[in-house]
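Participant: Need the 3D shape of this:
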Amino acid sequence: MTAPRLNAALLPSLKPGIRRPGYDRAALGIGIVHLGLGAFHRAHQAVYTEERLEAGETGWGISGLSLRSPAVRDALAPQDGLYTVLTRAPGGDEARIIGSVVEALTVPEQPELALRRLAAPRTRIISLTVTEKAYCRDANGALDESHSDIRADLAGGGFPRSVPGLLAAALRARADSGAGGVTLMTCDNLPDNGGTLARVLGRFVALRDPGLAGWMAEHVSFPATMVDRIVPATTEAEREAIAALGYTDAWPVVAEPFSQWVVEDRFVNGRPRWEAAGALMVGDVHAYELMKLRCLNGAHSSLAYLGAVAGIPTVSEAMAEPLLAAFLQKLWTQDVIPTLPPVPGIDLPGYTAQLEDRFRNPAIRHRLLQIAMDGSQKLPQRLLRPAAERLAQGAVPAAIALAVAAWMRFLLGEDETGGTHAIDDPMGTKLAEVARGAGRDADALSAALFALPEVFDPSLAADAGFRAAVRDALATLLRDGVRPALRAALA
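Facilitator: Numbers count the residues shown, from 1 in each chain. Below is the predicted model of the structure:
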């Protein structure tokens with residue numbers, strides 16, 4: 001017999017060990033509209049908000065907007081917006097039903113309703129987890145005015161296609177209606193993410209609706225944030241684990257026990273007391289952001305490319321390889337930590353030791369190919385900027401060079417076991433063409449990729465020491481394989 005589908009009516013009959021909302025969801029008001037209703041938001045910010053709803057702050061229900069696919073809406077709507085966070089630790093699983101997502105909408109199918117939510121007076125925070133590529137930035141972090149969606153939105157004549165276009169339309173509607181100020185809070189892994197959003201959106205507004213700029217300056221804030229929780233893609237194994245608890249959830253999310261959220265406390269129209277739920281509200285996020293982007297995300301990308309080329313499927317399995325675990329230690333101690341400023345309240349060697357334990361969690365099957373996505377967007381902030389800083393300090397970042405070489409090798413689309421993989425990247429077609437053209441020639445392949453200013457800052461690409469380190473590591477990867485290349489790097 002199929003287990004009953006999760007919904008509000010089912011909550012009282014669930015097993016006692018399953019935590020569920022203890023407040024009246026019917027009494028919630030929508031105070032947050034979130035763009036990008038994916039797994040990460042539902043396992044992270046929505047959980048912090050859930051804690052505040054439980055504490056009686058009932059004005060902060062979330063309206064979740066999916067920007068492309070109706071899949072999340074179709075999964076959550078029959079469940080009254082409820083879903084399960086399945087926390088997986090070596091000692092066992094813990095299931096919690098989250099009720100903070102009041103509704104799930106799909107922007108292409110419900111554009112006018114989505115815009116009304118964004119422009120409603122009671123919406124005081126618009127948050128985002130839309131991935132790096134959705135900000136439509138160029139290689140310098142400015143608005144990519146050649147992006148097809150940006151060109152279409154600047155031309156007008158239809159509903160916005162881009163995130164900057166949608167936000168500008170929402171702010172114009174708020175300004176015209178007197179809806180009041182709003183905080184735009186990005187939770188994506190971008191350097192200075194709040195400043196990046198402000199810069200991209202500000203330029204879009206200057207081009208499309210310059211009269212809105214003055215209202216924005218007075219009524220909109222862009223706090224920076226740092227978010228951290230490992231949230232792998234949901235698989236049938238998680239759905240089966242939920243079914244074993246006695247109910248069906250079309251789209252649960254799975255997460256590690258650890259969660260961290262650092263938020264610049266700069267809100268123009270109020271916010272939940274997230275600090276009471278464990279968030280750290282600070283005056284400056286920069287040091288925390290660099291720590292996470294370079295220590296965690298940089299290590300993840302390094303593992304992803306080296307591990308995927310070696311034919312290893314997940315992070316925990318990669319960490320079971322002694323050479324890869326030792327490589328991360330070298331990456332952190334020699335190439336990353338020397339580029340970081342002091343982080344208030346954080347011991348950096350202790351932080352990386354904690355990261356290693358988290359990566360080893362066998363209950364979390366975080367696929368390396370998932371982490372490897374969008375490398376052209378991720379590598380500059382995670383690995384290439386710290387590489388440039390180490391060069392400026394007079395050191396050649398050899399561990400980063402090997403990780404970059406592994407990305408180049410990954411672009412050939414095949415691993416050492418004979419398996420193949422797609423290049424899932426906004427530049428995927430171009431990157432695959434470059435790799436095919438160069439083939440397994442380390443000189444040709446590295447030179448062709450270094451010539452892409454969308455990925456490599458020209459000053460870094462021109463550094464002879466870094467180019468040589470990457471080229472030599474790539475040659476070893478192509479000739480001998482990942483494990484010999486790791487041994488050479490660790491020698």
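Participant: Look up the pLDDT of Thr2 for me, please.
Facilitator: Note on Thr2: pLDDT of 85.
Participant: Confirm for me that it is in contact with Tyr247.
Facilitator: No. At 10.1 Å, Thr2 and Tyr247 do not qualify as touching, with contact defined as CB atoms under 8 Å. All C-beta spots, glycine's among them, are computed from the backbone N, C-alpha and C.
Participant: And the two? Which one has more around it.
Facilitator: Using other CB atoms under 10 Å as the criterion, Thr2 and Tyr247 rank with Tyr247 on top: 22 against 6.
Participant: residues contacting the more buried one?
Facilitator: Ala3, Pro4, Arg5, Leu6, Leu10, Leu14 (CB atoms under 8 Å, 6 or more residues apart in numbering).
Participant: tell me the domain boundaries of this structure?
Facilitator: Here the domain parsing of the chain from automatic domain parsing is 8-282, 286-490.
Participant: possible to save these as TSV with mean pLDDT?
Facilitator: Formatted as TSV, the domains of the chain follow (pLDDT from 0 to 100):
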stretch	mean pLDDT
domain 8-282	96
domain 286-490	97
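Participant: For Met281, give me its contacts.
Facilitator: Val263, Glu264, Asp265, Trp274, Glu275 are the contacts of Met281 under CB under 8 Å, 6+ apart.
Participant: and the gap between it and Tyr48?
Facilitator: Applying CB to CB, to the nearest Å, the value for Met281 to Tyr48 is 11 Å.
Participant: Can you pull the residues that touch both of those two?
Facilitator: Common neighbours of Met281 and Tyr48 (CB under 8 Å, 6+ apart) are Trp274.
Participant: How much space separates the residue nearest to Gly17 when sequence neighbours are not counted from Ala255?
Facilitator: In this structure, Gly17 finds its nearest non-sequential neighbour in Ala95, 7.7 Å apart by CB to CB, 6 or more residues apart in numbering. Noted for Ala95: a distance of 11 Å to Ala255, by CB to CB.
Participant: before we move on, what about Glu414?
Facilitator: Using CB to CB, Glu414 is found at 32 Å from Ala255.
Participant: And the strands in the stretch 1-150 of the chain, which stretches?
Facilitator: Taking DSSP state E, counting those that start in this stretch, the strands of the stretch 1-150 of the chain run over residues 30-35, 61-66, 83-89, 92-98, 101-106, 125-128.
Participant: chain center to stretch 338-352, what's the gap?
Facilitator: Chain-centre distance of stretch 338-352: 21 Å, with CA atoms, centre = their mean, to the nearest Å.
Participant: What of stretch 201-214?
Facilitator: 27 Å.
Participant: before we move on, what about stretch 308-316?
Facilitator: 20 Å.
Participant: Could you list the residues in contact with that stretch?
Facilitator: Contact partners of stretch 308-316, identified using CB under 8 Å, 6+ apart, comprise 230, 300, 303, 307, 318, 321, 359-362, 364-369, 371-372, 406, 409-410, 415-417, 419, 421, 477, 481-483.
Participant: So which of the residues you listed sit within helices?
Facilitator: Among those, the members falling in helices (DSSP state H) are 300, 303, 307, 318, 359, 368-369, 371, 406, 409-410, 477, 482-483.
Participant: okay, the residues you listed in a markdown table with neighbour count next?
Facilitator: Converted to a markdown table, the ones in helices among the contacts of stretch 308-316 look like this (neighbours: other CB atoms under 10 Å):
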| residue | neighbour count |
| --- | --- |
| His300 | 22 |
| Leu303 | 28 |
| Gly307 | 26 |
| Ala318 | 26 |
| Phe359 | 23 |
| Leu368 | 25 |
| Leu369 | 16 |
| Ile371 | 23 |
| Ala406 | 28 |
| Arg409 | 27 |
| Phe410 | 25 |
| Leu477 | 27 |
| Val482 | 26 |
| Arg483 | 14 |
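Participant: of the residues you listed, closest to Pro191?
Facilitator: His300 (16.0 Å; CB to CB).
Participant: Pretty sure the closest one sits against Ala372.
Facilitator: No. Counting by CB under 8 Å, His300 sits too far from Ala372 to count as a contact (9.4 Å).
Participant: So Pro426 sits against Lys378, correct?
Facilitator: No. The criterion here is CB under 8 Å, and Pro426 misses it with Lys378 at 10.8 Å.
Participant: quick one, which of these two is more surrounded?
Facilitator: Set Pro426 next to Lys378 and count neighbours by other CB under 10 Å: Lys378 wins out with 26 against 18.
Participant: ok, back up a step: identify the residues contacting the residue nearest to Gly17.
Facilitator: Gly17, Ile18, Arg19, Thr84, Val85, Leu86, Thr87, Ile242, Leu245.
Participant: dump the residue contacts of Asp93.
Facilitator: Leu86, Thr87, Ala241, Ala363.
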